[in-house]
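> sharing a model that was predicted from the sequence below.
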Amino acid sequence: MTNDTSAPAKATANPPDQATRTGDAPVLELRSLRREYHGTAVVEGVDLELRDGEFFSFIGPSGCGKTTTLRMIAGLEDATSGQILLSGKDVTKVPAHRRNVHTVFQSYALFPHLTVAENIAFGLREQKRPGQEIRDRVSRMMELVELTGRQNARPRELSGGMQQRVALARSLVLDPAVLLLDEPLGALDLRLRRQMQLLLKTVQQEVGITFVYVTHDQEEAFSMSDRVGVMNAGELVQVGAPRDVYERPATRFVADFVGAVNQLPARVLGRSGNTVEADVALFGRVRVPAAGEIGTEALCVVRPEVPALGPADGAGPGCLVTDVSFEGPQTSLGLRTADGIALTIVVPSHSLSRDLAVGDAVTVSVREDNLWLIAA
Amino acid sequence: MSSVRKRHSFSTAVLAAVLVLFYAPILVVAVNALNQDDTLNSWGGGTLRWFRQILADGRVRGDFGTSALIAAATTILSVAIALTTVLAARRLPHGGRTAFNMITYARLMLPEVVTAVGLFLLFRRFGIEMGLVPVIIGHTLFCSAYATVVVQARYAAVSGRFSEAAADLGAGPWRTFRRVTLPLLAPALVVAGLLSFTFSFDDVVSSVFLSGSSVETLPMLMMGMIRQRVTPEVNAIAVAVMTITFVVVALVVAATNVRAAGGVRSSRDGATDDE
């Protein structure tokens, strides 16, 4: 192995200097990225640009191509066509061990024959760093992920959450241009997941490294990310801030995936600017915001928290309560109109009368600008 | 309650029978190795006479050396073949890997006498004289198959994600092999080596066919001795071999544990996968 200070090929393994960090080029750029197996595309036409320091999440159901995309960025999988650029440099053909991109694997893949400290030092030793520097950086990293004191433990002696943090530290210590995380919290229980989500977010803000996160849990992605990208069948369907994706899903698939349970049939009557005049089942003629491409037949997304509940003689269409599910801070209600249209709504539990029961008559009302129209 | 106890006592009885069948012959051999009385029918008092006798016997010493040499060569060849073929098989297409596995298992399943005769005829056909090298080749033929199965099983458990993680952290293919794959395979290599050594050391069939007139191994000598009558010397040889085997295995186990304590690697890491 050559000393990396003299080998240009290894230069990217150094901590990126300010020039490459703050240059005009996005820290990571994907151009029409495509991957096929035996003639079937599993990732197709993915275009993406990431800002430096961004927390970006790929979300989508299993098999949508998000992990394959991540593995192509890491260099663990070859792109069939398209380009991957790191800080403006094409790395599509650069092997994994020469890319300044590191991964936290779903299975952690901690080396069982090495101690925690040796695991974290693994990449630094590949870079031929001096011993003192390695020790300093490892101990600083162990502090950051709250593992101080466990440096001589073996991975198998640690709990799942601790192993997770070793995996994070092992990649983070190399100061990657982009840190990839492949469903890193998938194996943890709910309480630990929340803790780790907070830790990840804190760490990311502290080190300022660009995170690319893969998960099938949209809530997890929403709570941590600056932007999310929804993938379906190998294609990146929508990219945007979590709230935009949640409130303005571009397609029916995204709407389903982000939990828009109520999709009422609608007929588009006319368009002006960003809003559309439509005849929506249950709510009648409304003027609502709409997704870009939309025909005459459309679906009106009514997010469960949007409808307000009123008394039987209140304003808005009347329904019967078909289900009351108390979920702690919120209560989920199943409603049905006389025409047989079903709605699921969520209301803060404290705002609900304790007497509300299945079979009660209620009314619902919505603010038009909280509705959203997508193509059917 | 009583049926539970009955089943319990039945399994205990089976276990006891197995242990007796397993260890009784060893005990008989060990006792008779120390028996003054050379008829092997009665106890004539303890002695180390037979051990002194085999130590003084140049033929026994020579054959022991031959067997150890053959076993050592077989071990090195078998482990090397196992490691290189397992690593190479990963690059084969699916059909090639199936063929590789079938060839490996065929070597395990074919009666040894078949491969021994086959090799004998082959060497004769090419005018190669029987002796040390043909015996080593014969032993390596089946020992390497056992070694391959052991190494392959371990490789399947450690390949993939660990090498990927190493590559992801900046280790090139050779460094990944040195720092990750090889250490993780080490326990399997040790086990494969021990198996190869043992199987080679006590092999009779291949040795008989391939040794020619100039080479004699220890098991061949013992077979010859028993053919006339079971002598106390045979018992003493058996006990000596058993003791040596035990010491070697104990040393290997101790060595791996000592290294684990030193923080290099642990034999338990080898036996069990993490997660």
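Received it, and whenever you're ready, just let me know what you need. Numbering: from 1, shown residues only, chains lettered A, B, ... in the order given.

> surely A:T322 touches A:D360?
No. A:T322 is beyond contact range of A:D360, at 10.0 Å (criterion: Cβ atoms under 8 Å). To be clear about C-beta, it is placed using only N, CA and C from the backbone, and glycine gets the same treatment.

> who's in contact with A:T40?
By Cβ atoms under 8 Å, 6 or more residues apart in numbering or on different chains, A:T40 lies in contact with nothing.

> which other helices and strands does the host helix or strand of B:R154 contact?
If you go by DSSP states H and E, B:R154 is part of helix B:132-158. For helix B:132-158, the elements it packs on are helix B:58-89, helix B:94-109, helix B:112-125, helix B:182-201, helix B:205-210, judged by 3 or more Cβ pairs under 8 Å, 6 or more residues apart in numbering or on different chains; DSSP states H and E.

> how about the residues of the stretch 151-300 of chain A that lie near chain B?
Listed as neighbours of chain B in the stretch 151-300 of chain A under the rule Cβ under 8 Å from any Cβ of the partner chain: A:N152, A:R154, A:P155, A:R156, A:R170, A:S171, A:L174.

> ok so, going back, so which bits of the next helix or strand after the helix holding B:R154 are buried?
Once helix B:132-158 ends, the next helix or strand along the chain (criterion: DSSP H and E) is helix B:161-168. For helix B:161-168, burial by neighbour count (16 or more other Cβ atoms under 10 Å in any protein chain shown) applies to B:F162, B:S163, B:E164, B:A165, B:A166, B:A167, B:D168.

> equivalent analysis for stretch B:28-47, please.
Neighbour-count burial for stretch B:28-47, counted by 16+ other Cβ under 10 Å, picks out B:V29, B:A30, B:N32, B:A33, B:L34, B:N35, B:D38, B:L40.

> hmm, A:V203 and A:L144 touching each other?
Yes. Between A:L144 and A:V203 there is a contact at 6.3 Å, judged by Cβ under 8 Å.

> that older thread, which ones, among the buried residues of helix B:161-168, also lie beside chain A?
Checking the buried residues of helix B:161-168 against chain A by Cβ under 8 Å from any Cβ, the ones in range are B:F162, B:E164, B:A165, B:A166, B:A167, B:D168.

> so can I have TSV of those residues showing pLDDT?
Rendered in TSV, the data for these read as follows (pLDDT from 0 to 100):
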residue	pLDDT
B:F162	91
B:E164	91
B:A165	93
B:A166	94
B:A167	93
B:D168	94
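
> in space, what's closest to A:V364 - neighbours in sequence excluded?
Nearest residue to A:V364 in three dimensions, chain neighbours excluded: A:P307, at 4.1 Å (Cβ to Cβ, 6 or more residues apart in numbering or on different chains).

> so who does the one you found touch?
By Cβ under 8 Å, 6+ apart, the residues touching A:P307 are A:L343, A:I345, A:V364, A:S365, A:V366.

> okay, now the third one: neighbour count?
A:V364 has 23 neighbouring residues, counting by other Cβ atoms under 10 Å in any protein chain shown.

> and the second one, by the same measure?
Taking other Cβ under 10 Å as the neighbour definition, A:I345 ends up with a count of 24.

> now A:L320, which residues is it bridged with?
Beta-bridge pairing for A:L320 (DSSP bridges): A:R336, A:A361.

> try the one 10 residues further on
With DSSP bridges applied, A:Q330 shows beta-bridge pairing to A:P348.

> show me what contacts it?
Going by Cβ under 8 Å, 6+ apart, A:Q330 touches A:V346, A:V347, A:P348, A:S349.

> how close does whatever residue of the stretch 1-150 of chain B ends up closest to chain A get to B:T104?
Residue of the stretch 1-150 of chain B nearest chain A, by Cβ to the nearest Cβ: B:H94 (12.1 Å). Relative to B:T104, B:H94 is positioned 16 Å away (Cβ to Cβ, to the nearest Å).

> who has more neighbours out of the two?
Legend: neighbour count by other Cβ under 10 Å for B:H94 and B:T104, higher for B:T104 (21 against 7).

> and that one, what does it touch?
Listed by Cβ under 8 Å, 6+ apart, the contact set of B:T104 reads B:A145, B:T148, B:V149, B:Q152.

> ok, 7 Å please
Going by Cβ atoms under 7 Å, 6 or more residues apart in numbering or on different chains, B:T104 touches B:A145, B:T148, B:V149.

> hmm, the second one is touching B:L83, no?
Same thing as B:T148. No. Distance between B:T148 and B:L83: 8.9 Å, which falls outside the contact criterion (Cβ atoms under 7 Å).

> between the two, who's got more neighbours?
B:T148 (28 against 20).

> for the more buried one, which non-adjacent residue is closest in space?
Excluding the flanking residues, the one nearest B:T148 by Cβ to Cβ, 6+ apart is B:A82, at 4.3 Å.

> wait, the one you found sits on B:A192?
Yes. The pair B:A82 and B:A192 passes the contact test of Cβ under 7 Å, sitting 5.5 Å apart.

> now do the shared contacts for the two.
By Cβ under 7 Å, 6+ apart, B:A82 and B:A192 have these common neighbours: B:A147, B:V151.

> host element of A:R35?
A:R35 belongs to strand A:28-37 when elements are defined using DSSP H and E.

> now do the contacts for residue 155.
You didn't say which chain, so I picked chain A. Going by Cβ under 7 Å, 6+ apart, A:P155 touches A:L110, A:P112, A:V116, A:N119, A:Q163, A:V166, B:D274.

> wrong one, chain B
Counted by Cβ under 7 Å, 6+ apart, B:Y155 has contacts B:V86, B:L185.

> show me the shaky parts of the stretch 1-150 of chain A.
A:1-24 (pLDDT under 70).

> which bits of it sit near chain B?
A:13, A:74, A:76, A:96-97, A:102-103, A:105, A:107, A:109-113, A:115, A:122-123, A:126-127 (Cβ under 7 Å from any Cβ of the partner chain).

> list only buried entries from these.
Among those, those buried by neighbour count (16+ other Cβ under 10 Å) are A:13, A:74, A:76, A:96-97, A:102-103, A:105, A:107, A:109-113, A:115, A:122-123, A:126-127.

> before we move on, the earlier item: could you export the contacts of A:P155 as TSV, including secondary structure and distance to A:V138?
Below are those laid out as TSV (DSSP: H, G, I helix; E, B strand; the rest coil; distance: Cβ to Cβ, whole Å):
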residue	secondary structure	distance to A:V138
A:L110	coil	14
A:P112	coil	18
A:V116	helix	9
A:N119	helix	9
A:Q163	helix	16
A:V166	helix	11
B:D274	coil	20
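
> between the residues you listed, which is nearest B:L184?
Closest approach to B:L184 among the contacts of A:P155 (Cβ to Cβ): A:P112, at 7.1 Å.

> ok, which pair from the contacts of A:P155 is furthest apart?
Greatest spacing in these, by Cβ to Cβ: A:V116 and B:D274 (12.5 Å).
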